[in-house]
Every structure is written in C-alpha cells, then in structure tokens.
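[1] Quick check, what structure comes out for this input:
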Amino acid sequence: MNTMRKINHFGVPTTTPQPGEVYAEGLKVWLTNFNESPNKIEYLRFEEGSWMPELIQKVAHIAYEVDDLEAELKGAKVLVEPMPGGENLTIAFIEEEGIALELMQFDK
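    Numbers count the residues shown, from 1 in each chain. Now for the predicted structure:
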C-alpha cells in the first residue's frame with residue numbers, strides 16, 4: 001500500500017431484508033445506500049449462488065477511498081478484480097489480515 005486510505009463506509013452482511021435496499025443483479029446481492037446511513041453502514045443481503053467470495057458474504061468489510069487503485073492492488077491478495085461500482089467509481093476487494101477491504105477509486 002503506497003497511498004493514504006480514507007474510510008468511506010462499513011459493509012455488513014445480513015440475511016434480513018432492509019428498508020430501501022436495491023438489487024445488484026450481476027452480484028446477486030441486495031444493497032442499502034451507505035450515503036443515506038448516518039453511520040455509513042451498507043447492508044448486503046446475498047442471494048444463493050452469488051459469486052462473491054464467502055469472506056465478503058459472511059464477514060463485515062471496511063471500504064476505503066483510494067487515489068490509485070492499481071497501486072493498491074500490487075502485491076495484495078485480490079478477492080474481486082476491479083469493476084464498475086457506480087458512475088465514476090471503480091471498486092475492488094482485497095484481503096488483509098483476514099479481513100475483506102473494499103477499495104474505491106472515484107474518477108475525477
């Protein structure tokens with residue numbers, strides 16, 4: 001890791017439907033909008049057969065904003081390769097010390 005990370009949100013897996021959740025078909029997961037949460041919590045409710053790694057489906061993750069996603073991924077244990085995460089956003093997941101981290105790079 002060569003750059004400063006800024007916490008964006010916490011992702012918490014759940015099996016209980018949440019108010020305002022939306023479905024991300026490609027990931028087979030229902031998500032809440034962490035921007036609408038005063039505590040910056042995103043709830044994730046995975047459907048059976050989701051391809052996302054078990055660590056992400058079963059354990060809470062921390063999401064960090066990073067300036068250089070490519071640099072952050074060098075030498076990291078990558079769980080999910082970079083992919084679009086929304087408009088002007090690329091995300092990836094890595095594992096550090098047994099914890100899943102979501103890395104978020106916002107395009108300028």
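
[2] What are the buried residues along stretch 27-43?
    Along stretch 27-43, these residues count as buried under the neighbour rule (16 or more other CB atoms under 10 Å): 27-32, 34, 42-43. All C-beta atoms are positioned from the backbone trio N, CA, C, and that covers glycine.

[3] can you give me the helices for this protein?
    Using DSSP state H, the helices assigned to the chain run over residues 54-58, 69-73.

[4] Tell me where the chain has strands.
    In chain order, the chain shows strands spanning 6-13, 22-24, 29-31, 41-46, 61-65, 77-86, 89-96, 99-106, with DSSP state E as the criterion.

[5] which one of those lies closest to L55?
    strand 99-106 (4.8 Å; CB to CB).

[6] Give me the sheet partners of that closest one and which way each runs.
    Strand 99-106 has the following sheet partners, assigned by DSSP bridges: strand 61-65 (parallel), strand 89-96 (antiparallel).

[7] and those, which is most packed in?
    A comparison of the strands paired with strand 99-106 by mean neighbour count, using mean count of other CB atoms under 10 Å, puts strand 61-65 on top with a mean of 19.

[8] Which residues does it contact?
    Strand 61-65 has contacts (CB atoms under 8 Å, 6 or more residues apart in numbering) with 5-11, 34, 42, 91, 93, 99-106.

[9] One more: stretch 36-52?
    Stretch 36-52 is contacted from outside by 7-18, 20-21, 27-34, 56-57, 63, 80, using CB under 8 Å, 6+ apart.

[10] CA atoms only: put that stretch into PDB for me.
    What follows is stretch 36-52, C-alpha atoms only, in PDB (Å, rounded to 0.1, in the frame of the first residue of the first chain):
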ATOM      1  CA  GLU A  36     -28.200   7.600   3.500                       C
ATOM      2  CA  SER A  37     -27.000   6.000   6.700                       C
ATOM      3  CA  PRO A  38     -25.800   8.300   9.500                       C
ATOM      4  CA  ASN A  39     -23.200   5.700  10.500                       C
ATOM      5  CA  LYS A  40     -22.100   5.000   6.900                       C
ATOM      6  CA  ILE A  41     -23.300   1.400   7.000                       C
ATOM      7  CA  GLU A  42     -24.100  -0.600   3.900                       C
ATOM      8  CA  TYR A  43     -26.100  -3.700   4.400                       C
ATOM      9  CA  LEU A  44     -25.600  -6.600   1.900                       C
ATOM     10  CA  ARG A  45     -28.100  -9.400   1.600                       C
ATOM     11  CA  PHE A  46     -26.600 -12.000  -0.800                       C
ATOM     12  CA  GLU A  47     -28.800 -14.400  -2.800                       C
ATOM     13  CA  GLU A  48     -28.000 -18.100  -3.100                       C
ATOM     14  CA  GLY A  49     -25.500 -18.600  -5.800                       C
ATOM     15  CA  SER A  50     -23.800 -15.200  -5.600                       C
ATOM     16  CA  TRP A  51     -20.200 -15.500  -7.000                       C
ATOM     17  CA  MET A  52     -18.900 -13.000  -4.400                       C
END
